[in-house]
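Novice: I'll drop the sequence and a predicted model, then ask my questions.
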Amino acid sequence: MRLYVLRRSVRSANLTSRHLTVSRSVGARVPKSYFHTTPSREAIKPYLLADIGEGITECRIVQWFIKPGDRVSQFDAICEVQSDKAAVEITSRYDGVISSLHYEADTMAEVGKPLLDIDIEDDLSDSNQTPTQSVSEAAVPEDTHIAITRESEAPTNPATQDNLSGAKPETKATNPALIAPAVRIMLKQHDIDIKDVTGTGKGGRVMKEDVQKYLDSRNSVPKPLSSKSAAHIDAAVEDKVVPLTPIEAHMFKVMTRALSIPHFGYSHSVDLTALTNLRRKFNRQLETSSETHGHGISKLTALPFILKALSQAFLRHPRLNSHLETEAASQNPHLILKASHNFGVAMDTPSGLLVPVVKDVQNRSILSIAAELRRLGALAKEGRLTPSDMSGATFTVSNIGSIGGSVVNPVIMSPTVGIVALGSSEEIPAFAKQKKEGEESIIKREKAVFSWSADHRVLDGASIARCAQLVSSVLENIESIGIGLR
């Protein structure tokens with residue numbers, strides 16, 4: 001007869017087999033080392049998709065960094081998921097072998113449900129194994145002869161097989177786990193194979209600049225095509241169905257809901273001449289001085305000053321810095337006046353429009369606000385904003401003027417009750433006030449249009465106008481704020 005003893009190597013996760021050929025003979029014994037069982041120290045566990053932010057119930061699987069059969073260690077990158085607010089990289093909490101994946105790339109995964117199955121291994125060594133069952137070395141009937149042959153299969157190393165078959169190992173430049181999220185987003189958006197891009201980063205890693213350079217070369221004006229080639233291309237043109245990204249899908253839902261709010265619009269021109277002169281003065285000081293008050297800012301834009309001016313105005317007009325609660329079953333609709341001035345700042349990024357939040361503006365200096373804007377802007381471009389960076393806004397500011405345009409019609413983001421859009425500044429001629437009556441002169445002034453939208457259910461036009469004029473007054477007399485004011 002033939003007996004099989006199967007043992008699982010804990011560290012190799014491969015089965016090795018030994019079979020024994022037993023035939024009749026006299027007075028032989030079977031060594032007990034061939035007959036034992038070892039308790040399994042591996043368990044297949046479901047790996048749940050954790051909650052990555054408030055209100056998020058599902059995420060899109062952007063890409064997997066592993067596949068079934070791959071070995072992972074703690075903190076190894078498993079996959080990248082995209083919620084309606086931010087992209088997040090999921091890492092392993094265990095050491096083990098991936099058993100199966102529950103979702104394909106580009107599909108939606110539910111929060112709290114299994115993301116994958118992982119065969120978890122403990123850290124016990126073979127020397128600590130304790131058999132639970134053993135066949136004692138017993139006498140075999142005298143008419144039995146035992147001839148033992150052993151066949152042992154050496155554990156197979158997948159990497160060795162790949163190398164023998166001629167497959168090239170993955171390099172640092174193309175290893176998905178080492179590619180920055182912003183680079184992955186650009187590659188996916190423009191349907192680029194990373195192998196086609198020459199990396200200039202450390203170890204040949206592909207950077208955003210490399211992808212942009214590749215796009216520029218690919219989008220350069222092609223040589224004129226022959227009429228035959230042009231006819232062939234025209235014949236191949238077809239409509240293309242483009243699914244919404246998670247960020248676009250979130251914007252679809254939010255804006256559909258937002259447009260049910262009765263909006264009140266108000267626009268006014270703000271003289272930024274004094275602000276520009278003050279900024280130039282501060283920037284000259286920052287260029288020549290190593291003192292940055294611990295914020296590392298070398299140049300100030302107008303936006304930190306405008307956020308501070310809004311905060312100063314909201315101290316006098318707190319209803320604009322509030323949330324409207326309409327869904328509480330036990331209460332009538334009511335306003336919650338927010339103590340903190342948390343301003344969501346709309347930013348244009350490679351993955352779409354994002355609104356990170358500068359928190360506690362009322363307690364920050366101009367330099368502190370500038371440093372936080374720089375931090376959030378860098379994370380937004382790289383696709384690394386966290387849910388915490390995107391939540392808690394009490395008012396929204398759109399700096400659309402940095403792209404272009406003057407008068408805008410911004411849309412309120414519920415549950416906030418207001419938003420302001422900043423138009424681009426321009427230099428215009430204006431009449432200067434003279435001491436002597438009848439004397440006039442034309443001077444150059446820098447002005448920009450601020451466009452406000454407010455929830456007309458709880459804010460009236462007069463309240464918006466008074467607050468807007470106070471913002472104008474603060475900015476036109478900006479030296480009264482001071483760069484270090486909190």
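Specialist: The structure has been received and is ready for your questions.
Novice: and Leu470, how many neighbours?
Specialist: By the criterion of other C-beta atoms under 10 Å, Leu470 has 18 neighbours. (C-beta placed from N, C-alpha, C; glycine too.)
Novice: what does stretch 333-346 rub up against?
Specialist: Where contact means C-beta atoms under 8 Å, 6 or more residues apart in numbering, the residues beyond stretch 333-346 that reach it are 303, 307, 310-311, 314, 318-319, 321-326, 328, 353-362, 373, 376, 392-400, 413, 416-417, 457-458.
Novice: buried among these? Make that a ChimeraX selection.
Specialist: Selecting only the buried entries of the contacts of stretch 333-346 in ChimeraX, with 16 or more other C-beta atoms under 10 Å as the criterion:
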select :303,307,310,311,314,319,321,322,323,324,354,355,356,357,358,359,360,361,362,373,376,393,394,395,396,397,398,399,400,413,416,417,458
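Novice: now the residue nearest the centre of the chain. Nearest residue, chain neighbours left out?
Specialist: In the chain, the centroid-proximal residue (C-alpha atoms, centre = their mean) is Ala87; its distance is 2.6 Å. Taking C-beta to C-beta, 6 or more residues apart in numbering as the measure, Ala87 lies nearest to Gly383, with 4.4 Å between them; neighbours along the chain are not counted.
Novice: in this structure the residue nearest to the centre of the chain contacts Gly352, no?
Specialist: No: shown here, Ala87 and Gly352 do not form a contact pair, counting by C-beta atoms under 8 Å, at 11.1 Å.
Novice: any regions of the stretch 351-486 of the chain where pLDDT drops low?
Specialist: Across the stretch 351-486 of the chain, the stretches falling below the confidence threshold (pLDDT under 70) are 434-439, 481-486.
Novice: and the helices in it?
Specialist: Remark: helices assigned in the stretch 351-486 of the chain by DSSP state H, counting those that start in this stretch are 366-382, 387-390, 461-476.
Novice: so can I have CSV of those helices showing distance to Gln212?
Specialist: Formatted as CSV, the entries for the helices of the stretch 351-486 of the chain read as follows, by distance: least, C-beta to C-beta, whole Å:
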stretch, distance to Gln212
helix 366-382, 12
helix 387-390, 24
helix 461-476, 35
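Novice: most packed of those?
Specialist: Among the helices of the stretch 351-486 of the chain, ranked by average contacts under mean count of other C-beta atoms under 10 Å, first place goes to helix 366-382 (a mean of 20).
Novice: could you measure Arg279 against Arg257, distance?
Specialist: For Arg279, the distance to Arg257 under the criterion C-beta to C-beta, to the nearest Å works out to 38 Å.
Novice: just after the helix or strand harbouring Ala313, pick out the following helix or strand.
Specialist: Counting by DSSP states H and E, the element that carries Ala313 is helix 303-316. Toward the C-terminus, helix 303-316 is succeeded by strand 322-325 as the next helix or strand (DSSP H and E).
Novice: tell me what that next one is packed against?
Specialist: strand 334-337 (3 or more C-beta pairs under 8 Å, 6 or more residues apart in numbering; DSSP states H and E).
Novice: would you indicate which residues of the strand it packs on are buried?
Specialist: Residues of strand 334-337 classed as buried by neighbour count (16+ other C-beta under 10 Å): Leu335.
Novice: average pLDDT for it?
Specialist: Per-residue pLDDT values across strand 334-337 average out to 94.
Novice: so what touches stretch 188-203?
Specialist: Outside stretch 188-203, the residues that touch it by C-beta under 8 Å, 6+ apart are 62-63, 172-174, 179, 186-187, 205-207, 209-211, 214-215, 350-351.
Novice: that should have said stretch 350-358, apologies.
Specialist: Residues outside stretch 350-358 that contact it (C-beta under 8 Å, 6+ apart): 85-87, 182, 185-186, 189, 245, 247-248, 251, 307, 342-347, 364, 369, 372-373, 376-377, 379-381, 383, 385, 389-393, 396, 413.
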